[in-house]
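> here you go, sequence then predicted model.
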Amino acid sequence: MEKLKDCQLEHCTPEEVGVDSKVITAFLNEINEKGLGLQSFTVVRHDKVCAQGFFKPYAADIPHVLYSMSKSVTSTAVGFAVSEGLINLNDRVVKYFPEYIMSKRPFNRMLTIRMLLTMHSDKLITVLEEKGQTDWIQNFLGATFLLPPNTKFNYISENTFMLSAIVSKVTGMSVIDYLYPRIFEPLGIEKPFWETDGAGNNAGGWGLYMKSEDLAKFFLPYIHGGKWKDGTQIIPEVWVKEATKKQVNSVRDGFIDNMEGYGYQFWRNPIANSYRADGLFGQRCFMFPDYDALVVLNCGEAEDYKIMKVFWKYFPQCFGYGELPENKEAHTQLLNTIDSCHVEELDAKPRNKELEEKISGRLLKCKTSEFVSVISISVTQMLYNKPGSISEMKLDFTDDGLDFYWKEKEYENTIKVGMNGEYGISEITLGDLHYHTYSKAAWQEDGSLELWIRPIETAHVRKFTFIIKDDNTVKIVNESNPRFQDLVIYYMTFTGYPVKGDITEDVIKDTVKTLGLPIIEPNFTGKFVE
């Protein structure tokens with residue numbers, strides 16, 4: 001399908017499509033007052049973007065990691081493959097992988113595509129399963145079973161990877177290439193980046209990066225029976241209906257995040273005829289067909305149900321009917337509120353010339369584990385080509401800030417870091433990943449140096465604190481926001497074991513061992529050798 005003539009979304013005021021600007025402002029004010037990690041939002045009503053904002057330094061022209069929102073995109077590819085007669089939902093998964101030995105796991109022969117779509121493979125796979133330089137298909141087929149297939153809802157991202165691998169098998173191309181002429185190109189969406197395994201299969205359940213408005217365009221047909229705003233059928237109508245209706249019960253329905261069942265890689269909302277695509281740390285696209293509305297959120301909040309509680313206070317109730325009278329004052333207030341929104345920042349402080357002269361330009365050799373990277377472990381853990389194991393650093397101070405050099409495995413990068421209140425802006429490459437970094441540093445009263453690096457394609461900011469000692473050694477305190485601790489609390493609450501308050505590193509390690517969560521990103525040390 002060629003690019004549609006009317007493939008762009010018109011922008012308008014909220015009042016033009018029956019939305020009160022004051023309600024959107026109130027939503028943003030509550031998000032900011034509670035310090036929740038919203039990073040961007042896009043509100044679409046009657047096929048028009050009526051409100052949109054990016055918390056500085058996030059921006060409209062930069063893609064954002066989707067985490068598990070990727071699953072709903074993979075589901076769309078499966079829908080196309082079904083409509084084209086390439087696959088059937090009752091097909092056995094093993095049919096597509098005869099080259100793999102199945103004898104060790106006889107339950108593999110029971111698995112169907114439908115079971116993958118509804119998270120009913122009942123495989124025992126955790127995020128600790130090694131992805132680096134391994135055969136992901138073999139990892140899945142070789143994994144043990146918790147229960148016989150189709151027994152219980154068990155949410156694992158590898159189910160969706162296998163869907164991606166099946167689509168690639170029957171089409172001879174990656175999911176992203178398969179989708180390009182069917183939906184990306186017609187809607188004027190630049191082909192996104194999607195992480196892959198070693199064989200070129202897109203990750204499927206994670207690893208996709210898209211811009212906020214492109215996400216809105218991608219999912220907009222789902223509230224119109226698969227049609228674009230001009231009436232062109234983009235996504236098969238039958239698939240839209242089947243994928244978004246409740247196919248199975250999900251984990252703890254109605255308990256947290258207002259889950260009300262699961263479709264084919266889509267979650268059901270408590271609002272009638274409403275569903276959404278979900279991703280870790282608050283990546284979401286809410287679809288409200290009865291209100292002719294859609295909302296995209298990108299966030300960096302580990303306990304993202306807190307954002308959900310605020311969201312449900314204002315949406316979808318804010319979607320009225322017909323136009324509202326023009327309200328320039330309320331709309332101006334909304335625009336001013338949006339313009340003032342920013343993520344957590346590091347305040348500028350006086351320079352420490354004495355320590356800068358002592359350490360500037362000197363090579364710092366580091367002792368770290370494979371899990372120490374500038375990029376969050378939530379990204380690196382699921383990569384085929386993994387960075388990590390920071391081995392060298394260098395702080396080269398300038399009038400405006402510093403140039404920060406580091407080496408992870410064979411990957412070397414140098415970025416600009418602001419110390420005058422402004423961000424230093426750079427680009428980095430780590431394996432298959434390419435990011436824009438917005439970075440600041442500031443000396444603290446105790447003589448330590450804080451360095452914050454925010455790759456804005458991700459939901460995270462990396463925080464290094466350099467504690468410089470007299471013997472040429474340096475302790476580097478290594479943190480990331482969203483914090484690992486908060487993710488543990490959320491995970492335990494989600495699975496029915498709520499934790500009150502903060503938790504210690506020992507509790508984290510015990511939880512890691514018990515639940516199979518990613519390990520904590522450790523502090524490390526270094527020594528100046530030049």
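Noted; the coordinates are in hand. Numbering: from 1, shown residues only.

> only C-alpha atoms for contact and neighbour calcs from this point on.
OK.

> what ranges do the helices span in the stretch 1-150 of the chain?
21-33, 70-83, 113-117, 136-142 (DSSP state H, counting those that start in this stretch).

> check the stretch 201-350 of the chain too.
If you assign secondary structure with DSSP H, counting those that start in this stretch, the helices in the stretch 201-350 of the chain sit at 212-219, 237-244, 305-314, 328-340.

> for S157, find the nearest of the ones you listed.
helix 237-244 (17.0 Å; C-alpha to C-alpha).

> and the angle from the closest one to helix 70-83?
Compare the direction of helix 237-244 with that of helix 70-83 by axes from the mean of the first three to the mean of the last three C-alpha atoms, to 10 degrees and you get 140 degrees.

> related to what we said a few turns ago, Throw the helices of the stretch 1-150 of the chain into a markdown table and include distance to E427 and mean neighbour count, thanks.
A markdown table is the format used below for these (distance: least, C-alpha to C-alpha, whole Å; neighbours: other C-alpha atoms under 10 Å):
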| stretch | distance to E427 | mean neighbour count |
| --- | --- | --- |
| helix 21-33 | 29 | 17 |
| helix 70-83 | 24 | 23 |
| helix 113-117 | 37 | 24 |
| helix 136-142 | 30 | 18 |
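
> possible to save those as TSV with distance to E190 and mean pLDDT?
Shown next, in TSV, are the helices of the stretch 1-150 of the chain (distance: least, C-alpha to C-alpha, whole Å; pLDDT from 0 to 100):
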stretch	distance to E190	mean pLDDT
helix 21-33	29	97
helix 70-83	15	98
helix 113-117	27	98
helix 136-142	27	94
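
> nearest to V474, of those helices?
Short answer: helix 21-33, nearest of the helices of the stretch 1-150 of the chain by C-alpha to C-alpha, at 35.7 Å.

> helix 305-314 and the closest one, what's the angle between them?
Helix 21-33 runs at 160 degrees relative to helix 305-314, counting by the same axes, to 10 degrees.

> now what about helix 21-33, what contacts it?
If you take C-alpha atoms under 8 Å, 6 or more residues apart in numbering as the criterion, helix 21-33 is touched by 13-15, 37-38, 51, 307, 310-311, 314, 318, 330-331, 333-334, 337-338, 341.

> swap in 6 Å and give it another go.
P14, A330, H331, L334 (C-alpha atoms under 6 Å, 6 or more residues apart in numbering).

> most surrounded residue in these?
P14 (29 neighbours; other C-alpha atoms under 10 Å).

> closest one to D278 among the helices of the stretch 1-150 of the chain?
Taking these one by one with C-alpha to C-alpha, helix 70-83 is closest: 8.2 Å.

> what sits up against the closest one?
For helix 70-83, contacts defined as C-alpha under 6 Å, 6+ apart pick out I87, N88, G204, G205, W206, L208, W239, Q265, F266, A277.

> got a ChimeraX select line for the buried ones in those?
For the buried members of the contacts of helix 70-83, the matching ChimeraX selection, counting by 16 or more other C-alpha atoms under 10 Å, is:
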select :87,88,204,205,206,208,239,265,266,277
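
> point out where this structure drops to low pLDDT.
Low-confidence segments of the chain (pLDDT under 70): 103, 252-259, 484-520.

> check the gap between K409 and P14 for me.
As judged by C-alpha to C-alpha, to the nearest Å, K409 and P14 stand 49 Å apart.

> how about S70?
Using C-alpha to C-alpha, S70 is found at 29 Å from P14.

> and if you look at I189?
Using C-alpha to C-alpha, I189 is found at 24 Å from P14.

> go through the helices of the stretch 201-350 of the chain and name the closest to G388.
Here helix 212-219 is closest among these (C-alpha to C-alpha), at 28.5 Å.

> hey, C-alpha coordinates of that closest one in PDB?
Presented in PDB, the C-alpha positions along helix 212-219 are these (Å, rounded to 0.1, in the frame of the first residue of the first chain):
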ATOM      1  CA  SER A 212       4.800   9.500  20.500                       C
ATOM      2  CA  GLU A 213       2.800  10.800  17.600                       C
ATOM      3  CA  ASP A 214       3.800   7.800  15.400                       C
ATOM      4  CA  LEU A 215       2.500   5.500  18.100                       C
ATOM      5  CA  ALA A 216      -0.800   7.400  18.100                       C
ATOM      6  CA  LYS A 217      -1.000   7.000  14.300                       C
ATOM      7  CA  PHE A 218      -0.100   3.300  14.500                       C
ATOM      8  CA  PHE A 219      -2.900   2.500  17.000                       C
END
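
> that helix vs helix 70-83, what angle?
Using the same axes, to 10 degrees: helix 212-219 against helix 70-83 is 30 degrees.

> got a list of what F193 touches?
Y209.

> show me the beta-bridge partners of it.
Legend: beta-bridge partners of F193 under DSSP bridges are Y209.

> mind checking how far it is from H64?
Distance of F193 to H64, given as C-alpha to C-alpha: 10 Å.

> and what of H460?
H460 is 11 Å from H64, by C-alpha to C-alpha.
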